[in-house]
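K.L.:
Next input, structure requested:
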Amino acid sequence: MHPFEQHQQLLARRQFLTGSAMGLGAAALGNLVAQVHATDADVGSKNSTIAAKAQSGLHFPAKAKRVIFLFMGGAPSQLDLYDYKPELHKQFREPLPPSVSMGQRVTAMTKGQTQLVAPSMFKFSPQGKSGLMMSELLPHLSGVADELCMIKSLHTNAINHDPAKTAICTGSEIPGKASMGAWLSYGLGRMNENLPDFIVLSSAFWSGDQQNIQALYSRLWGSGFLPSKHQGVSFQPTGDPVLFLSNPAGVNRDSRSKMLELVTRLNREHLDEVGDPEIQ
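P.N.:
Numbering: from 1, shown residues only. Presented below is the predicted three-dimensional model:
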């Protein structure tokens, strides 16, 4: 369908709702009142529906009710922590096998190196009853080796920091895809209409004598091509925890309220013109 024809259809529907008995405002008010007066049973039923939807297709019943995903940008290599590669000791200082390069040229980061194969400098030993191999860098974590779940079946072609981080958080090395949290929000819905589906806590790092926000791009918790309501809400390590909630300097509550009302009205008018749901 031509975009102009699609726009005309949207416009016709809006005119119908506006010209009906009490207009779109009454329908929105009815929905709002219904949400305010929802009983605990209704809320419980909704949560049960979401839980049932989440359980479908799983091999085992899910036990987790909350998830905290820790992403360590710039952490030590897994080859020095828990990914034991004894074959690297045998091939130390040998040329890179063709099975690794697969006919591709080496990257700019390694083009000046003649010997690319090197093992870890740290000692590994089996830990716990499972015999999980862990390095000497993790003496405390080794004590709970039997309570850990290590997934080593994943692989990627990304060898640089940025595409690797993007692949971990979005499943693709190419920016623009929806993050893991956005997909969970899209697939499972939200438990509370007044709170974000998930939040992001970005740590800070020291750079010289200045403290800077960690270099993690918002696309790592963004919604990509999904509606923006599914993106994460970033909490700041310094200042206001959430941006744009506090009034700017010199602006009181009444002035900002009027400004937000005006912006909302302008957005509604623009929504009526173009029909883009992202304007809502």
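K.L.:
those helices in this protein, which residues are they?
P.N.:
3-19, 23-36, 40-55, 87-90, 98-101, 161-170, 180-188, 253-274 (DSSP state H).
K.L.:
Now do the closest residue to D146 other than its chain neighbours: how many residues are near it, please.
P.N.:
Counting by Cβ to Cβ, 6 or more residues apart in numbering, G128 is the residue found nearest to D146 once chain neighbours are left out, at 4.0 Å. For glycine as for every other residue, the C-beta is placed from the backbone atoms N, C-alpha and C. G128 has 14 neighbours, counted by other Cβ atoms under 10 Å.
K.L.:
Please tell me how far G128 sits from K85.
P.N.:
Applying Cβ to Cβ, to the nearest Å, the value for G128 to K85 is 20 Å.
K.L.:
Then A249?
P.N.:
56 Å.
K.L.:
what's the answer for V117, then?
P.N.:
On the measure of Cβ to Cβ, V117 and K85 end up 10 Å apart.
K.L.:
now L79
P.N.:
With distances taken as Cβ to Cβ, L79 is found 6 Å from K85.
K.L.:
residues near L216, how many?
P.N.:
Number of residues near L216 (other Cβ under 10 Å) recorded here: 17.
K.L.:
pretty sure it contacts G73?
P.N.:
Yes: assessed by Cβ atoms under 8 Å, L216 is found in contact with G73 at 5.6 Å.
K.L.:
joint contacts of the two?
P.N.:
K165 (Cβ atoms under 8 Å, 6 or more residues apart in numbering).
K.L.:
Flag whichever of the helices of the chain has the least confidence on average.
P.N.:
Here the helices of the chain differ in mean pLDDT, and the lowest is helix 23-36 at a mean of 49.
K.L.:
what does stretch 124-136 contact?
P.N.:
80-82, 84, 120, 122-123, 141-146, 148, 150.
K.L.:
Just the buried residues out of the residues you listed, in PyMOL syntax.
P.N.:
In PyMOL, this line selects whichever of the contacts of stretch 124-136 come out buried by 16 or more other Cβ atoms under 10 Å:
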select buried, resi 80+81+82+84+120+141+142+145
